[in-house]
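Student: I need the structure of the sequence given here:
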Amino acid sequence: MMKRFLLAYAVLMAGWLPVDAAPAVTGYLPHYRVGIIDKLPVEKLTDVIFFSITPKADGSLNTKNAKPEVLRKLTARAHAKQVRVHICVGGWGLSGGFAPMTANPKARAAFVQQLTAFVRQHRLQGADIDWEHPKTAAEIANYQKLLIELKRAFVPHQLWLTVAAAGWGQHLKRETIQFIDRIHVMAYDQGTPHAPFAGAMKDLHYWEAQGAPKAKLLLGLPFYGRNAQNTARTYGELVAQFKTKPDADVAGGFHFNGPATIRRKTIHAVRGGYGGVMIWELGQDTAGKASLLDAVRAALP
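Tutor: Here you go, the predicted structure:
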């Protein structure tokens with residue numbers, strides 16, 4: 001059955017695939033950060049992903065956190081600078097509807113139809129699927145079906161389909177990768193320190209070994225820190241409290257990526273032939289010389 005899916009949809013996909021020559025700088029903007037839209041430096045980004053809406057078991061969408069007026073404001077600012085806007089579906093603690101929805105073909109079809117309509121209605125450029133995480137073999141198989149069916153619906157409208165995925169990523173099958181435009185590699189939350197350079201490289205190499213083209217891989221950069229008790233603080237908060245130096249990656253027991261490490265990771269992603277970088281999340285940065293987004297931009301060719 002899966003092989004028939006792959007063959008039929010590969011023919012459909014051949015008509016359109018997104019192409020980006022410049023490295024991507026993609027940032028997530030959670031719904032609880034909408035207050036920064038007016039100040040968001042969209043000109044420093046290629047893509048913004050609004051986080052998030054969630055799936056219901058019957059295939060309908062819970063869109064309470066994606067208010068139309070907010071999306072209009074965000075897309076107006078972004079599109080004025082030729083920056084794409086995508087909607088994220090799911091997230092950590094927000095993925096409960098995926099398993100029952102994907103297990104039911106009718107619910108899955110309803111979800112595909114409604115998500116496609118939502119993206120088009122709000123003049124978005126695509127959707128980012130963030131199921132954290134399929135657990136059983138059946139859930140993993142249904143996840144592949146969902147992604148392929150979404151891509152089938154997206155291609156006629158030239159919409160992007162991306163996924164957020166951890167470095168171990170066993171829930172995304174090798175044969176499904178061809179239907180995904182980008183994989184946002186969540187190279188963080190890996191213990192203490194939670195986002196070391198070596199761990200990021202390991203995650204990228206894992207996906208390469210799974211057959212993902214480098215150009216589809218975006219290296220996830222954390223704009224926050226964690227301590228040994230797994231407490232998180234935004235990078236902006238840490239800078240304000242500890243007056244961190246550009247080459248510092250730890251302060252007050254919190255491990256984070258300072259400007260030097262962010263720049264090093266970005267340089268590796270770009271020079272290594274990867275698709276670019278992804279940021280979680282834009283509201284956690286600081287302004288001025290210590291800005292992590294500015295460190296990303298400074299590392300680009």
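Student: okay, now residue 38: neighbour count?
Tutor: If you count neighbours by other CB atoms under 10 Å, residue 38 ends up with 8. C-betas here are computed from N, CA, C, even on glycine.
Student: show me what contacts it?
Tutor: If you count contacts by CB atoms under 8 Å, 6 or more residues apart in numbering, residue 38 has them with residue 77.
Student: got it, and residue 63?
Tutor: Neighbours of residue 63 in contact, by CB under 8 Å, 6+ apart: 53, 118.
Student: and the one 5 residues further on, by the same measure?
Tutor: Residue 68 sits next to residue 122 when contact means CB under 8 Å, 6+ apart.
Student: who's in contact with residue 274?
Tutor: Applying CB under 8 Å, 6+ apart to residue 274 gives the contacts 23, 204, 214-215, 217-219, 268.
Student: how about a cut-off of 6 Å?
Tutor: 214, 217 (CB atoms under 6 Å, 6 or more residues apart in numbering).
Student: please apply the same query to the one 3 residues further on.
Tutor: With contact taken as CB under 6 Å, 6+ apart, residue 277 is in contact with 25, 218-219, 221, 266, 269.
Student: wait, is it part of a strand?
Tutor: Yes: counting by DSSP: H, G, I helix; E, B strand; the rest coil, residue 277 is part of a strand.
Student: is it in a bridge, and if so with what?
Tutor: Note on residue 277: beta-bridge partners residue 25, residue 219, judged by DSSP bridges.
Student: separation between it and residue 299?
Tutor: 9 Å (CB to CB, to the nearest Å).
Student: what is in contact with the two at once?
Tutor: residue 266.
Student: neighbouring contacts of the host helix or strand of residue 54?
Tutor: Applying DSSP states H and E as the criterion places residue 54 in strand 47-55. Strand 47-55 is contacted from outside by 26-30, 61-63, 66, 78, 84-89, 91, 94, 97-98, 101, 111, 128, using CB under 6 Å, 6+ apart.
Student: out of the contacts of residue 277, which end up buried?
Tutor: 25, 218-219, 221, 266, 269 (16 or more other CB atoms under 10 Å).
Student: from those, which single one is nearest residue 292?
Tutor: residue 221 (7.2 Å; CB to CB).
Student: next, the angle strand 47-55 makes with the helix or strand hosting the closest one.
Tutor: Using DSSP H and E, residue 221 falls within strand 217-222. Put simply, strand 217-222 runs at 80 degrees to strand 47-55, going by axes from the mean of the first three to the mean of the last three CA atoms, to 10 degrees.
Student: other SSEs contacting the next helix or strand after strand 217-222?
Tutor: Following strand 217-222 in sequence order, the next helix or strand is strand 224-226 (DSSP H and E). Helices and strands touching strand 224-226, as assessed by 3 or more CB pairs under 6 Å, 6 or more residues apart in numbering; DSSP states H and E, comprise strand 232-234.
Student: from residue 123, how far off is residue 78?
Tutor: From residue 78 to residue 123 the distance is 10 Å (CB to CB).
Student: my read is that residue 293 contacts residue 285, right?
Tutor: Yes: between residue 293 and residue 285 a contact is recorded at 5.4 Å, counting by CB atoms under 6 Å.
Student: what touches both of those two?
Tutor: Counting by CB under 6 Å, 6+ apart, nothing touches both residue 293 and residue 285.
Student: one step back: between the contacts of residue 277, which is nearest residue 45?
Tutor: Scanning the contacts of residue 277 for proximity to residue 45, where the rule is CB to CB, the winner is residue 25, at 5.1 Å.
Student: these two touch, right, that closest one and residue 46?
Tutor: Yes: between residue 25 and residue 46 there is a contact under CB under 6 Å: 5.1 Å.
Student: can you show me the helices along the stretch 201-301 of the chain?
Tutor: Applying DSSP state H, counting those that start in this stretch to the stretch 201-301 of the chain gives helices spanning 235-242, 259-271, 292-299.
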